[in-house]
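Undergrad: The following comprises the amino acid sequence and a computationally predicted model.
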Amino acid sequence: MELSDLQVFRAVIKAGGIARAGEVLHRAQSSVSARIQVLEEKLGVELFTREGRKMHLSPSGRILATYADRLLDLASEAASAVRMDRPVGVMRLGAMESTAAVRLPEPLGRFHERYPEVALELYSGNPQQLIDQVVDGSLDAALIAEPVTDRRLASMVIYDEELVIVAEAKHATISGPKDLSSTTILAFHPGCPHRKRLEDWFARAHVTPERIVEVASYNLILGCVAVGMGIALLPRSVLQVYAERDRLSVHKLRSTFGHAKTCLIWRKEAPQANVLALSSVLLEQSRTQPATGQAKSKPG
């Protein structure tokens, strides 16, 4: 059963007969009659009872009429959504854990209020996973750390994150890896951009970390840092939501290691109404509420 069959069927109902439906559809009466017969054969039921030239919906026809209206209306809605002249439909957004936990709750709430016709779904992952999912269409957009090198993707800088070294509260000032009392790193999996940046920070000073302990969440990383298990590099904004930040010392980085831009990415040829609406809300938040940590800071 095709949508065109349902369109002919609905036209016959509204016109009150095949002859008038033919006029409305600009088709020969025989063509309309043939389409109705084919539809009846496909379904194995009679859709109309016929009394001379008069046609009335049969019980099966009344049932189909209800579904025909719903299906044709849904098809029209789908066509409008695909054209994306306004934000509508499902939007699947990916983000790194730090961005999802700290940056997104407020703007996503604002986005939901402003665009109630968009159902927003949020997924987390590391940058490479998120890039792959945007490219293959599993995600509509994602927030990842620079760089963005895939030519199939468009990007927009949303946040400029300050990155800091965190250690236990009693740790002396850290200006480089050689100032560390312990060179154990607490970090996410190898795909994490902040882990890579911290490893590069060590490598530039020709220092090899004693070990890297992989941890699954920022709260756990900060808890381990607070008891002296090691150090970590993370966005200062993460400290905003950590209840025990007085147990930490925060050390600024003076080099290019101290900042990382977070970009919104999407496929260049994808419909952009939802993405542009989201980017507008995200930029509003990033401009009006810069993140600042409140933990004790030491220059590094």
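TA: Okay, I see it. Numbering: from 1, shown residues only.

Undergrad: From here on, just use CA atoms for contacts and neighbour counts.
TA: Fine.

Undergrad: Next, the residue positioned nearest the centre of the chain: secondary structure please.
TA: Here the mean C-alpha position of the chain is nearest to the C-alpha of residue 93 (CA atoms, centre = their mean), at a distance of 0.4 Å. Three-state assignment for residue 93 (DSSP: H, G, I helix; E, B strand; the rest coil): strand.

Undergrad: so it makes contact with residue 134?
TA: No: contact status for residue 93 versus residue 134: not in contact, 9.0 Å apart, counting by CA atoms under 8 Å.

Undergrad: Find residues that contact each of these two.
TA: Residues touching both residue 93 and residue 134 (CA atoms under 8 Å, 6 or more residues apart in numbering): 140-142.

Undergrad: where do the helices sit along the stretch 151-300 of the chain?
TA: 193-204, 218-226, 273-288 (DSSP state H, counting those that start in this stretch).

Undergrad: most neighbours per residue, which of those?
TA: helix 218-226 (a mean of 20; mean count of other CA atoms under 10 Å).

Undergrad: Show me which of the shared contacts of residue 93 and residue 134 is closest to residue 14.
TA: When the shared contacts of residue 93 and residue 134 are compared for distance to residue 14 (CA to CA), residue 140 comes out closest, at 40.0 Å.

Undergrad: ok, that closest one - contacts?
TA: Contacts of residue 140 (CA under 8 Å, 6+ apart): 91-93, 134, 266-267, 275.

Undergrad: Reformat these as TSV; add distance to residue 50 and pLDDT.
TA: Output for the contacts of residue 140, formatted as TSV (distance: CA to CA, whole Å; pLDDT from 0 to 100):
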residue	distance to residue 50	pLDDT
91	48	94
92	50	96
93	54	97
134	55	95
266	55	96
267	54	94
275	53	92
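
Undergrad: out of the helices of the stretch 151-300 of the chain, which comes closest to residue 253?
TA: helix 193-204 (9.8 Å).

Undergrad: hmm, back to that, I'd like the helices of the stretch 151-300 of the chain as CSV, with distance to residue 148 appended.
TA: Shown next, in CSV, are the helices of the stretch 151-300 of the chain (distance: least, CA to CA, whole Å):
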stretch, distance to residue 148
helix 193-204, 12
helix 218-226, 24
helix 273-288, 17
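
Undergrad: do you know which of the ones you listed lies nearest residue 67?
TA: Closest among these, using CA to CA: helix 273-288, at 29.7 Å.
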